[in-house]
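In: My questions are about this predicted structure, shown below with the sequence.
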Amino acid sequence: MSRTQRSMLRRHEREYRRSELRVLTTFRQLTHASLTKAEGDKVKHKETMTGIIVAIGTMMANYVVCFPIVVSRHTSQALSTASSWQYDTPVYCFRVLHNKYQQHGMRSLYSGFGLGLLGQALTSTYETGLSRLFARVWGKPRAAHPRSAQWLYQGLRLLIHIPLYPLFRTALILRVQSADDALISSAGDFLRHYRDDLARFWNVGGTGLTLWSTFVPFCLFNVVTEKAMLVIYKRIYRAWTRKVKKDENSDDKEDDIDEKADQEYHHHDEGADASLRHMYYPEIACGMLSSIVTRTLCYPSDTIIFKLMIQGTGFTTQTYAGVMDCATQMYRAGGVLAFFPGWGAVVLELAAGYLILEASWWVYTYMDHRAKARIRQKQ
């Protein structure tokens, strides 16, 4: 073999090795990228699930912690007198709960626990099933034709209040009744009272439940409260998100130290801000704030409904012919303040809700800082 041939052979061998190295390098890069992407997706999924769990935990903690306070407030509203607002302070509410716990234990503070959630679950299940059934016949309820079909759908939605009213009335009795003189002391008593209240819808001549004076206001109150809460939630959420974006823009101009880590962490498939604190906390806070604002605005009507629902139970000697008669008697006896009994419990409820919101804020902040620290370590 000549020198020229050997030289060409060595040159081809070197080129082959270079090509092989390029292929191996490309393969390693693709493998590393796929593994990094899979690891990133796994971490993102884990963070998303953690954020959802924290959100659910926040709402459940608020429900559990505030439930005894809500029971105290409902009792004050249903059994209030003309001068109740004068001593319904936060301290008085706390003492009532403390004495109740000492005398009858923790169980007495959670009478009727979960019945509100049961009512919401029944409403959601009924409306979902009704919407799907209606869509098969007329299409989407909001776009159904003829126009009368939309009115039919709205009327059918209101039918859920017939089984809900006895449920909420029986739950109110559980919350208001004294442990020493309980009207409902077992599951059998609960079912019997629920069945009797439900039967009064067909027994028009019976006593205790008058459709026009009690059930109809209850139905209208629920509809108005639901609509008001939705409108208030949307307004608060829009104002909240606008303020957050404005604050973030001003902070970015003043401080660029962690800009690269923030961009990596906040990067989202659609280019949105993926911070857990900004994904979940606004919805939790706005939901709780809208509930507080709506409850404050509807507080007088809430008090009237409770007073009407508790009639005929023997817990009070006050009798009213209807909504207007109840409002008139309350105003004549105590003025405008008579419509706001149990305001001390409201203050305690607001304080408890604020502490729970602050706790969830710090949890999300800690999770965000951990995610940013992990990104910096990789860089």
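Out: Now that the structure is in, tell me what you want to look at. Numbering: from 1, shown residues only.

In: Output the below-cut-off pLDDT ranges for the stretch 101-250 of the chain.
Out: Where the stretch 101-250 of the chain drops to pLDDT under 70, the residues are 144, 203-212, 244-250.

In: wait, Tyr194 sits on Tyr165?
Out: No. Applying CB atoms under 8 Å as the test, Tyr194 and Tyr165 come out as separate, 10.0 Å apart. All C-beta spots, glycine's among them, are computed from the backbone N, C-alpha and C.

In: Pick out whichever of the two has more residues nearby.
Out: With neighbours defined as other CB atoms under 10 Å, Tyr194 and Tyr165 compare such that Tyr165 has more, 23 against 17.

In: Give me the distance between the more buried one and Met324.
Out: Using CB to CB, to the nearest Å, Tyr165 is found at 20 Å from Met324.

In: what comes up buried for the helix or strand encompassing Leu198?
Out: Take DSSP states H and E as the rule and Leu198 turns out to sit in helix 187-199. Using 16 or more other CB atoms under 10 Å as the test for burial, helix 187-199 gives Phe190, His193, Tyr194, Asp197, Leu198.

In: Mind giving me the packing neighbours of that helix?
Out: Counting contacts by 3 or more CB pairs under 8 Å, 6 or more residues apart in numbering; DSSP states H and E, helix 187-199 packs against helix 161-176.

In: tell me the angle of the helix it packs on relative to helix 187-199?
Out: Counting by axes from the mean of the first three to the mean of the last three CA atoms, to 10 degrees, helix 161-176 lies at 140 degrees to helix 187-199.

In: helices or strands next to helix 161-176 in the packing?
Out: By 3+ CB pairs under 8 Å, 6+ apart, helix 161-176 packs against helix 3-78, helix 115-138, helix 187-199, helix 216-254, helix 299-309.

In: in the helix or strand containing Tyr366, what counts as buried?
Out: Per DSSP H and E, Tyr366 falls inside helix 343-378. By neighbour count with 16+ other CB under 10 Å, helix 343-378 contains the buried residues 343-350, 352-353, 356-357, 360, 363-364, 367-368, 371-372.

In: Same check on stretch 47-55?
Out: Within stretch 47-55, the residues that qualify as buried are Glu47, Gly51, Val54, Ala55, counting by 16+ other CB under 10 Å.

In: contacting residues around it?
Out: In this structure, residues lying in contact with stretch 47-55 by CB atoms under 8 Å, 6 or more residues apart in numbering are Leu276, Met279, Tyr280, Glu283, Ile284, Ser360, Val363, Tyr364, Met367, Ala371.

In: how near is the closest residue to Cys219 other than its chain neighbours to Ile173?
Out: The shortest distance from Cys219 to any non-neighbouring residue, by CB to CB, 6 or more residues apart in numbering, is to His161 (4.5 Å). Distance, His161 to Ile173, by CB to CB: 18 Å.

In: neighbour-wise, which of these two wins?
Out: Ile173 (23 against 17).

In: ok now do Leu220, which residues does it touch?
Out: Counting by CB under 8 Å, 6+ apart, Leu220 has no contacts.

In: Ala285 now?
Out: Trp240, Leu357.

In: what's the answer for the one 5 residues further on, then?
Out: Contact partners of Ser290, counting by CB under 8 Å, 6+ apart, are Met229, Ile232, Tyr233, Ile236.

In: Output those residues in a markdown table; the columns should cover distance to His145.
Out: Below are these laid out as a markdown table (distance: CB to CB, whole Å):
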| residue | distance to His145 |
| --- | --- |
| Met229 | 30 |
| Ile232 | 32 |
| Tyr233 | 30 |
| Ile236 | 35 |
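
In: So which of the residues you listed is the closest to Leu122?
Out: Set against Leu122, the nearest of those by CB to CB is Met229 (18.1 Å).

In: residues near that closest one, how many?
Out: 18.

In: Just to check, it is in contact with Met288?
Out: No. Under the criterion of CB under 8 Å, Met229 makes no contact with Met288, lying 11.1 Å away.

In: Brilliant, that's me finished.
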